[in-house]
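Asks: Okay, here's the prediction I keep looking at, along with the sequence it came from:
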Amino acid sequence: MVQEKKDDINRDMLLPAIEQNRPALSWELKIKKNLKTVPPCLGKFRPTVGQCCHQCTPDSLRKKLGQNSSLGFHNLLSVNETHTRYRGWLVRRVCCALFVSGCKVYASPVSNRLERVYESNRVQEGLTAEHKAPDGGGSQGKLSCISAFLPLINTCISPVLLRFVGWVMLKMFASVFGSIQVNLDHLPALHRASEEGSPLVYVYMRQSIMDCTLIPLVLFCHSLRVPYTLCPLQMNSSFLRSILQKVGVILLPPSALTEQDAEMDRLYSPVMTSLMCELLHEGQAISVGMSMKTGQGGQWLARITQLIKEGSVPDISLVPVGISYDCVPKTNRQVGLRSVLLWLLSHLWRRPEGSVRIHLTQPFSLKEMCESGRCRIDEWLPLQDLLLPVILYNRTDSVFGQRKMSWLLPPSHYAPELIQDRDLSIAIILHLIFSTTSCMAVMSTSLVSSLLMYKHHKGVSASVLCRDVAWLTEELLFRNKDVGFGGTLVEVVHYSLSLLAPHLIIAALPSRKDPFIVPRPALAATLHLTLQAQIVTHTFILEAVGACAVSAMLCEVAVSGVSSRVRSDGVDGDEVKGDMEFDVVLCQSELTERALQLCHLLPPGFMPPCQSSQSFALDAIDSLVRCGILIMEEISRDVPICDFWKKEGALTWSTTDDPYHSDSDCEEQDLRSYKISQPSQCPDMLFFLCSMLAGHLRALCWTITGLDYIATPLPDAEFVAHIHSYLCDTANEKKQHYESCSEEAAHTAVRTLIDLGVLAEECREAGGFLGVSPLFQVSENRQKLHHFISQYLYN
C-alpha cells in the first residue's frame, strides 16, 4: 500500500508529456536517438525543505520535530472521480465541479467592519491630521471621510462565488500549465496552526500576477482558509473589480496607479493598518507578496509587526511560500476585461506549456521572532562605513558588521518614535525574503539556463549538456535544494529545450552526431535565461562569493608579478585553454577579507540575515575546499603550537572574564593557506561560479562609468531610466553581456551606489532627486570604486 502511494507520487512528479501527434523537430529526434541509453536518474530523492529557522524561531521548529515523513506532491490540475464522494460515468465528466463544491469554505463576516476601522485610533488621528474630523458623527459623515477606501474595507469572501471562481481557475490553469505540483509535507502543520486559532500570513516573492491566484487556489483545494490577497493591481474594469473584491482580493484604490501613488495619501496607511488589525481579529488569513527589486510589499509586513509589538494582535503564524515556474508568465500591471478575455482566448488553442512547483513551508510565530531578540540589528552599519575605508583609503582590514538596507521599508510609513520597531521590521522582511527564496525549487529550465549562461555561453552539444545536467542536479540535491522535475535525463533535457527553444539557436546538422545549442545573442533571450538561472545562483552563492574572492587574489598576483607560477597555453577572455597549472599560495585571512567585502555588495535575499557576514565569508572559503577548488595547506612551524617546555614547565591560567587573554596560554591561532587544486576541471568550475555574480558586478561597473554621461541631479525614476538606457547601449555596443542591462540590474546598481554614498538623495517638493555626491565628483575616487568592484570580475 505504501509502495503504491509512492508510485503515484513519483508519477505526479514526472514532467508533462510532449504531445505525440505534434511533428518532432530534427534536434528533438537527434536527442532521443543519441541518448536513448541514458538510465533514469532523477526524481528518486527529494530533500526536506521549508523548515523554519532553528536560530530565530526554535520553539516553532520544535513543534515539527519527529514529523518529517514525506507526503509527496499533489498535481492540482489532476482532478478525477477519486477526489469526490461519487463514482460513475457522469461523475467523471463533472468531477471538477463536484470537487469544488465539496471543498470547505470559511465564512467572512463584514457586518460592522467599516465602523470598527473608522473608530480606530489610527484613523481618527489621521483624520485629525488631515483636518477631516467628523462633523456630527453620523453614518454619512463617516462614509464621506474615508469613502475612497470603502470598497477595500468591504472586501469579503462569498462562498458561492469563491467555488465558481475556483472552478474557472482550475479550468483556466489547465490550459496554461501542464501541472501545478504542491508539496504536501507541511499541509498538516498548516491545518493544526489554523485550528489553534493563530491567523496565517502567507508571504511570497512577486514574479507574476499568477502568484496572487495560485496561493488562494491551492489553499481552497486543500480545504484551508482562503486568504485575503493583497494584490498591487490597478483594475480598469469595475465588473472584474467587484468580482475580485467578493473573493478576498484587496486591490489598489481606484485613484492610484501604483503602490507608491497609494502610499502618498496620508489616510491610506492608517486605514490599511486598521483593516489588517480587524482582519486578523476576525481570524482571517492574509497573503502578501514582496519584491526584492523595489522593496514593495514589505510595508504590509511592517504593519503586521507593529500590531504585534503594540499588542493589538496576540500572535500570527508566518508561512513563506516558494513558487517556481518553468517559464514565468508575462502579465501586465493594469488589467481590464478586454485584456483578460483576449488572454483566455489565446490559450484555448494552445497546448499547456511548463509546470509550477509550490512549497508551503512550516509556519512560525511572529511574536516569538519579535520578542526573543534573536533578530540582531545592533550590528547594522551603512554600506559606506563598511566599504569606503577599504576603497578610498586602502585600509587592510574590513569593518565588521551587517549592511543596513533601510530602503526595504521607506521611513514615511512609520512615526519617528518607532525607529527601533522599524529596524526590527526590516530584519523580519530580510528574513522572509531569504526564507521564501530558499524554499523555491529549481526547475529544469532554470538548471539548463544556468549551464548555458554561465558555463557554455559559446555553445554546447546535447550530450555534454546532458552530462552537466546530471552533475548539477546532484550538486543541488547535495545542498538540500529541491528540484521541480522528474523522469529520465533525456526527458528532462528535451522538455527544457522545448520550452527554451525561442531563446536558443539549436543546430541539428546531418554531419553532426549531436545537436549544438547556443544561447541566442539578443537582449530578450539573455534576460529570460538570466531570470530563469537566478535561483541556481542563490543555491551556489557561497561558492560564487568564494570563487570571486579567489579570482580577485589571482588577478592581483598576476598584476603584481610576485613569485608564482601560472602556466597556460593560452588565455582568451574568460575561456582557459590547454593545461593550466596554479602554484599560488593564498592566505586564508586575505581570502576571507575579499569574500567579506564582496558580501556587502550582494542584493537582499542571498545571505542568511541571522548569520554574520564574517561567518558567511568563512563558509564561502570552506565551500571551495569542499567542492575541490582549493586545497588547504598547513604552514610549517619551527616551534610546535603547544610548547609546554618553553614556559619552563609552568602552566599559567587566566580568569574567564579577562578580555586580554585566551582560555589557554598554549593556544595560538592556526595559520592556514590554500592552493588551487590541479585537476583539469578546476578552472572551468571556478569560472562557472564566478560567472554567476558577473552580471551584477558588471552592472555596477557600467553604472559607475555612466555617471560621467548623466547630468545630475535628476528625479529618481528618471535617473534609473537613464542608467538603464546606458546599460542597454553599452551591452549593444559590446554585443554581449546583456544580462547586465535589465531593469532589475539598473535598480539594484543605483540602490547600491546610494548606500555607498556615491549618489546623494535630495528631497524636493516635486519628489526625490538623485545626484553624485561631492566625494565622488572627483574622478579619482570613482576610478578607485570601479577598480574595487572590477577586481571580482574574472575576465
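Replies: Structure's in. What do you need? Residues are numbered from 1 along each chain as shown.

Asks: pLDDT weak spots in the stretch 51-200 of the chain?
Replies: Where the stretch 51-200 of the chain drops to pLDDT under 70, the residues are 64-69, 83, 88-89, 130-143.

Asks: Break down it into its strands, ranges please.
Replies: 73-75, 179-183, 200-205 (DSSP state E, counting those that start in this stretch).

Asks: Can you classify the residue nearest to the spatial centre of the chain as helix, strand or coil?
Replies: What sits nearest the mean C-alpha location of the chain, by Cα atoms, centre = their mean, is residue 437, with 3.7 Å. Put simply, residue 437 is helix when judged by DSSP: H, G, I helix; E, B strand; the rest coil.

Asks: dump the residue contacts of it.
Replies: Counting by Cβ atoms under 8 Å, 6 or more residues apart in numbering, residue 437 makes contact with 205, 322, 535, 538, 605. C-betas here are computed from N, CA, C, even on glycine.

Asks: can you do 6 Å?
Replies: 538, 605 (Cβ atoms under 6 Å, 6 or more residues apart in numbering).

Asks: Sketch out the helices for the stretch 651-795 of the chain, chain order is fine.
Replies: 681-706, 716-734, 743-756, 779-790 (DSSP state H, counting those that start in this stretch).

Asks: so what's residue 34 scoring on pLDDT?
Replies: Looking at residue 34, its pLDDT stands at 52.

Asks: before we move on, what about residue 306?
Replies: At residue 306, pLDDT is 88.

Asks: On the three-state scheme, it is what?
Replies: helix.

Asks: count of residues packed around it?
Replies: As a burial measure, residue 306 scores 23 neighbours (other Cβ atoms under 10 Å).

Asks: ok now the strand ranked longest in the chain, how far from the chain's centre?
Replies: Under DSSP state E, the strand in the chain containing the largest number of residues is strand 317-325. The chain centroid and the centroid of strand 317-325 are separated by 10 Å, computed with Cα atoms, centre = their mean, to the nearest Å.

Asks: again, but for stretch 93-100
Replies: 36 Å.

Asks: could I get the helices of the stretch 651-795 of the chain as TSV with mean neighbour count, distance to residue 501 and mean pLDDT?
Replies: Shown next, in TSV, are the helices of the stretch 651-795 of the chain (neighbours: other Cβ atoms under 10 Å; distance: least, Cβ to Cβ, whole Å; pLDDT from 0 to 100):
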stretch	mean neighbour count	distance to residue 501	mean pLDDT
helix 681-706	22	23	90
helix 716-734	17	23	93
helix 743-756	22	24	93
helix 779-790	16	35	94
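
Asks: quick one: which of the ones you listed is nearest residue 380?
Replies: With Cβ to Cβ as the measure, helix 743-756 is the member of those nearest residue 380 (11.6 Å).

Asks: which other residues reach stretch 752-763?
Replies: Contacts with stretch 752-763, where a contact means Cβ under 6 Å, 6+ apart, come from 383, 384, 713, 768, 769, 770, 771, 773, 776.

Asks: And stretch 80-88, by the same measure?
Replies: Residues outside stretch 80-88 that contact it (Cβ under 6 Å, 6+ apart) are 91, 92, 95, 98, 99.

Asks: Apart from its neighbours in sequence, what residue is nearest the first one?
Replies: In space, not counting the residues next to it along the chain, residue 91 is nearest to residue 81; the distance is 4.9 Å by Cβ to Cβ, 6 or more residues apart in numbering.

Asks: Just give me the neighbour total for that neighbour.
Replies: By other Cβ under 10 Å, 18 other residues sit near residue 81.

Asks: How about residue 107?
Replies: A total of 9 residues lie near residue 107 under the criterion other Cβ under 10 Å.

Asks: Next, it: phi, psi?
Replies: For residue 107, the backbone dihedrals are phi -70, psi 150 (criterion: degrees, to the nearest 10).

Asks: What residues does it make contact with?
Replies: Contact analysis of residue 107 by Cβ under 6 Å, 6+ apart lists nothing.

Asks: check contacts around residue 325.
Replies: residue 356.

Asks: Report pLDDT for it.
Replies: Reported pLDDT at residue 325 in the predicted model: 93.

Asks: One more: the one 4 residues further on?
Replies: What the model reports for residue 329 is a pLDDT of 79.

Asks: After the helix or strand hosting residue 427, which helix or strand is next?
Replies: Using DSSP states H and E, the secondary-structure element containing residue 427 is helix 419-438. Per DSSP H and E, helix 419-438 leads on to helix 444-454 as the next helix or strand towards the C-terminus.

Asks: which residues are contacting that following helix?
Replies: Contacts of helix 444-454 with the rest of the structure, by Cβ under 6 Å, 6+ apart, involve 326, 468, 472, 485, 492, 496, 499-500, 519, 529, 532-533, 535-536, 688, 691-692.

Asks: run the last query once more with 7 Å
Replies: With contacts defined as Cβ atoms under 7 Å, 6 or more residues apart in numbering, helix 444-454 is touched by 326-327, 465, 468-469, 472-473, 485, 492, 495-497, 499-500, 517, 519, 529-530, 532-533, 535-536, 688, 691-692, 739.
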